[in-house]
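[1] here is a sequence together with a model predicted from it:
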Amino acid sequence: MSKTLLVLRHAEAGHSFSGDDHSRTLTEYGQTQARKIGQWLLQSRYWPEVTIVSSAMRTRQTSIWVAHELGEKAPTAQLDDRMYLGSSRQLCSVINETPETVDNLLVIAHMPGVQELSMELTSAESDEEASLEMASQWPPAGLARFDVTNAWAELDGRDAVLAEFVTTGLRG
């Protein structure tokens, strides 16, 4: 049976007045973007069983707005410091720790890690248009949906089928 991996870049964040990148918050547009992604997940029936989120404020807020739209379908987010500005390898190692009982996983992190990870995971069987779009740009609240047949622990490169790349169409 195929599992679903959802890789989401946080929604649009504002600038930090204190200079602390970790505490940047979502803009009003960002809140709307995150809600739109939550609506898409709900309507598409891609309800995550587990959501792993970078510990940064903007990713946590993205998770909150997505969960707001998912309502009772939303799992409690799991914060992971390794995902804060994590490399593709760091993000992949967090995904590799996912229990095999999980069929639908959502990870919310940052550029360039989300894009690099997704490019590394994309198999030759992936949707060509989605692959090209994902490779050329990854706006805030952009989401890659992968079909995964391997065990989470075995996921390491060119072994997930990119089924679609979703954006909110909002500025970013």
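    Structure's in. What do you need? Numbering: from 1, shown residues only.

[2] quick one: list the elements packing against the helix ranked longest in the chain.
    The longest helix of the chain (DSSP state H) is helix 28-44. Packed against helix 28-44, as judged by 3 or more Cβ pairs under 8 Å, 6 or more residues apart in numbering; DSSP states H and E, are the following elements: helix 57-70. In this view, the C-beta of every residue, glycine as well, is placed from N, C-alpha and C.

[3] only the buried residues of the helix it packs on, if you could.
    57-67, 69-70 (16 or more other Cβ atoms under 10 Å).

[4] tell me how far it lies from the chain's centre.
    Chain-centre distance of helix 57-70: 11 Å, with Cα atoms, centre = their mean, to the nearest Å.

[5] which residues sit against it?
    When contacts are defined by Cβ atoms under 8 Å, 6 or more residues apart in numbering, helix 57-70 is touched by residues 8, 10-11, 13, 22-26, 30-31, 34-35, 37-39, 41-42, 47-48, 51, 53-54, 74-75, 77, 79, 83-84, 106, 108-110, 141.

[6] swap the cut-off to 6 Å and go again
    The contact list for helix 57-70 (Cβ atoms under 6 Å, 6 or more residues apart in numbering) reads 10-11, 13, 23-26, 31, 34-35, 37-39, 42, 51, 53, 74, 77, 108.

[7] and those, which are buried?
    10-11, 13, 24, 26, 31, 34-35, 37-38, 42, 51, 53, 74, 77, 108.

[8] any idea how far the helix or strand immediately after the longest helix of the chain in the chain is from the chain center?
    Using DSSP states H and E, the helix or strand that follows helix 28-44 towards the C-terminus is strand 50-54. Offset of strand 50-54 from its chain centre (Cα atoms, centre = their mean): 8 Å.

[9] what is the three-state secondary structure of the residue nearest in space to the middle of the chain?
    Centroid-nearest residue in the chain: residue 8, 2.0 Å away (criterion: Cα atoms, centre = their mean). On the three-state scheme (DSSP: H, G, I helix; E, B strand; the rest coil), residue 8 is labelled strand.
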